[in-house]
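S.K.: Build the 3D model from these lines:
(2 chains)
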Amino acid sequence: MSTPVTEQAPQAARRNPAGYRGTKVRRQRVRAAWTFLAPMLVALALVAGWPLLRTFYLSLTDASLSDTAGAALIGFENYLVYDDGAWYGLLTDPVWWNSVWNTVYFSLVSVSLEVVFGIIVALLLNAEFKGRMLVRAAVLIPWAIPTIVSAKMWAWMLNDQFGIINHILMALGLIDAPLAWTADADLSMWAVIMVDVWKTIPFVALLVLAALQMLPRDCYEAAEVDGIHPVKVFFRVTLPLITPALLVAVIFRLLDALRVFDVIYVLTSNSTSTMTMSIYARQQLVEFQDVGYGSAASTLLFLIIALAVVIYLYLGRRQLGVDQ
Amino acid sequence: MNQYQLIKLAKRVGLYALIAVVMVYAIFPFYYAVVTSLKPSSELFRVDFWLSSLDVSNYVQIFTQKSFVRAIFNSIVVSLSVVAIALLLGITASYALGRVRFRGRTTVMLTILGVSMFPQVAVLSGLFEVIRTLNLYNNPGGLILSYTIFTLPFTVWVLTTFMRQLPMELEEAAIMDGATPWITITKVFLPLMWPAMATTGLLAFIAAWNEFLFALTFTLTDDQRTVPVAIALISGGSQHELPWGPIMAASVTVTVPLVILVMIFQKRIVSGLTAGAVKG
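M.R.: Okay, here's the model as predicted:
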């Protein structure tokens, strides 16, 4: 974000020897800039800033969905409270911690798989072959399909009695009896991961592909002349060069995965074996109408994601710093 | 044929085989949904890889259902309004952020980036309150308002990166001619920004069309729902009696426009996605 400033500064100085700052035109431009920004900032404050603050506040109250205005402040009781010799509240709720663990597990596994397969697909799309544009468009299809629709499509394919996946697996002799993909507690998380990976490989692949197309050709020519094995070239040349793009793809995907809601809601609804933080929070808020408790869960979810961003930016900056 | 040529041929065959696998993986679920949606309900529970007969009764069933047609209409209204608002606010904001140097610009950019990382659930209860106060609960207006939380930051971000790439000289010429910033935007930049606006508009449209959590939470009755919610809530007698034929028909109906858009605007979508991420 700071690069354009340094790019424009010398230009402006050269063209305006009298000094750019403080001219009438400049004052007019800055005023106009804030006028233009104002509607957007107001909109963001209305839909993001204020609601977030209200969520923080509501998490400290006993609000219910039908009456949020008349809620009484109860301090941190939604989070943790000592009553009659036992601890209560969100932080002692095993279902909450289970959903935290599910979210982390889902995010780590699905994002890792997406990155690996995304790179493979990107390398494939980067190769020269006939009909490349057609294949590229086809690969984009899962990305464009609404999450709800892709969840429904897979739910049908994974259907325990009539699903095509059980049919194929049984025809191949891999399983003896149909598997209950979405109902079985051991399998449902994998079913969800499978659908998410299918849907988001295109996104990762496209970002990686964009990075691959910007790589200098001469490195590869040199490696080829020296007869270095392609696998070694990939790990020594390609991977380090696309790392910045990968880091961006990973953070985008990770943030998406940590707040996952719709695919799980449709595939397995409120089953505890796949319940994530978003599902838990919404269930408390809307279905149990307990806005105070649900807001506490939302607040913790927000803090966990914010923490993930901070850690990621810190590690990412160090990683990029080493590369440079 | 010598050994070198043989290896080359084998590599070529391997490449095409791998491409075929990726193609099947990407397309098959959608293809299978199309096949299922065109089956009569009597054949639904027989696994077929190909279409043996053409039966449109599932489509007839969903299109004679008033609430589904209404949901499509709601989705179109909501998505188009969201795109219009995002572009209108985005183009002016991106001019300010991309072309003018002023104190606090970095803060504004960081705020926008921060908002785009918000988990939607984190604002759910606060936003619910705002929407109820504005009397927009169970109303497409509430969805249009709430969708700006994810379309606006993204639109501003991408348009700003495009706006920065335009040459300085254009604007200087306009300033020399005494054009106000508003005239500069509408007369100088807008004609040049159409490709970028088409890209971001398309991405915002897809995001709004696909959104589920807000649509599920902020609407109550069938006639106010959007398509994703309508599909998710299609139900039969019990969990095990879901009407898969109509569900697949509805799924195909709402996905076909998107697939066509993707096929036509593939290049634009890719450039928009990468501009939002790589250059950001």
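S.K.: What degree of burial does the closest residue to chain A within chain B show, as a neighbour count?
M.R.: Distances between chain B and chain A by Cβ to the nearest Cβ are smallest at B:Gly126, namely 2.9 Å. (C-beta placed from N, C-alpha, C; glycine too.) Counted by other Cβ atoms under 10 Å in any protein chain shown, the residues lying close to B:Gly126 total 25.
S.K.: Next: A:Ser66.
M.R.: 8.
S.K.: Next, the residue nearest to it when sequence neighbours are not counted: secondary structure please.
M.R.: Nearest-residue entry for A:Ser66: A:Gln289, 6.8 Å, with adjacent residues in sequence omitted and distances by Cβ to Cβ, 6 or more residues apart in numbering or on different chains. Counting by DSSP: H, G, I helix; E, B strand; the rest coil, the backbone at A:Gln289 sits in coil.
S.K.: How much space separates A:Gln289 from chain B?
M.R.: 11 Å (Cβ to the nearest Cβ, to the nearest Å).
S.K.: Report how many residues lie close to A:Leu187.
M.R.: 17.
S.K.: just checking, it touches A:Pro178?
M.R.: No. If you go by Cβ atoms under 8 Å, A:Leu187 and A:Pro178 don't touch, sitting 11.4 Å apart.
S.K.: Can you say which helix or strand has the residue sitting nearest the centre point of chain B in it?
M.R.: Among the residues of chain B, B:Ile206 comes closest to the average C-alpha position under Cα atoms, centre = their mean, at 1.3 Å. Element membership of B:Ile206 [criterion: DSSP states H and E] is helix B:190-210.
S.K.: for that helix, which positions count as buried?
M.R.: B:193, B:196-197, B:199-210 (16 or more other Cβ atoms under 10 Å in any protein chain shown).
S.K.: near chain A, which of those show up?
M.R.: Filtering the buried residues of helix B:190-210 for proximity to chain A (criterion: Cβ under 8 Å from any Cβ of the partner chain) leaves B:206, B:209-210.
S.K.: could you dump stretch A:111-119 to CSV, C-alpha only?
M.R.: Once non-C-alpha atoms are left out, stretch A:111-119 reads as follows in CSV (Å, rounded to 0.1, in the frame of the first residue of the first chain):
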residue,chain,number,x,y,z
VAL,A,111,-6.7,-25.5,3.4
SER,A,112,-3.7,-27.9,3.2
LEU,A,113,-5.5,-30.2,0.7
GLU,A,114,-6.6,-27.1,-1.3
VAL,A,115,-3.1,-25.8,-1.5
VAL,A,116,-1.6,-29.1,-2.6
PHE,A,117,-4.2,-29.8,-5.2
GLY,A,118,-4.4,-26.1,-6.2
ILE,A,119,-0.7,-26.1,-7.0
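S.K.: That stretch close to chain B?
M.R.: No. Judged by Cβ under 8 Å from any Cβ, stretch A:111-119 stays clear of chain B, getting no closer than 9.2 Å.
S.K.: model confidence over that stretch, on average?
M.R.: Averaging pLDDT along stretch A:111-119 gives 93.
S.K.: Now that stretch: buried residues?
M.R.: Those would be A:111, A:113-115, A:117-119, for stretch A:111-119 by 16+ other Cβ under 10 Å.
S.K.: Name the residues that touch that stretch?
M.R.: For stretch A:111-119, contacts defined as Cβ atoms under 8 Å, 6 or more residues apart in numbering or on different chains pick out A:193, A:196-197, A:200-201, A:203-205, A:207-208, A:242, A:246, A:249-250, A:253-254, A:257.
S.K.: try stretch B:221-232
M.R.: Contacts of stretch B:221-232 (Cβ under 8 Å, 6+ apart): A:146-149, A:152, A:262, A:265-266, B:66-68, B:70-72, B:74-75, B:78, B:138-140, B:143, B:209-212, B:215-216, B:219, B:233, B:247, B:250-251, B:254.
S.K.: Among those, name the buried ones.
M.R.: By neighbour count, with 16+ other Cβ under 10 Å, the contacts of stretch B:221-232 hold A:146-149, A:152, A:262, A:265-266, B:67-68, B:70-72, B:74-75, B:78, B:138-140, B:143, B:209-212, B:215-216, B:219, B:247, B:250-251, B:254 as buried.
S.K.: Verify the stated contact: A:Thr103 with A:Ile264.
M.R.: No. In this structure A:Thr103 lies outside contact range of A:Ile264 using Cβ under 8 Å: 9.7 Å.
S.K.: any shared contact partners between these two?
M.R.: Residues touching both A:Thr103 and A:Ile264 (Cβ under 8 Å, 6+ apart): A:Thr276.
S.K.: Just the mean pLDDT for stretch B:206-223, thanks.
M.R.: Across stretch B:206-223, pLDDT averages out at 89.
S.K.: no wait, stretch B:97-109
M.R.: Average pLDDT, stretch B:97-109: 84.
S.K.: Over to stretch B:266-280?
M.R.: 68.
S.K.: Check stretch A:166-181 too.
M.R.: The average pLDDT for stretch A:166-181 rounds to 86.
S.K.: What's the end-to-end length of it?
M.R.: Taking Cα to Cα, to the nearest Å as the measure, stretch A:166-181 stretches 9 Å from start to finish.
S.K.: Could you give me the buried positions within it?
M.R.: A:166-167, A:178-181.
S.K.: Would you mind measuring from B:Arg225 to B:Gln165?
M.R.: For B:Arg225, the distance to B:Gln165 equals 41 Å [Cβ to Cβ, to the nearest Å].
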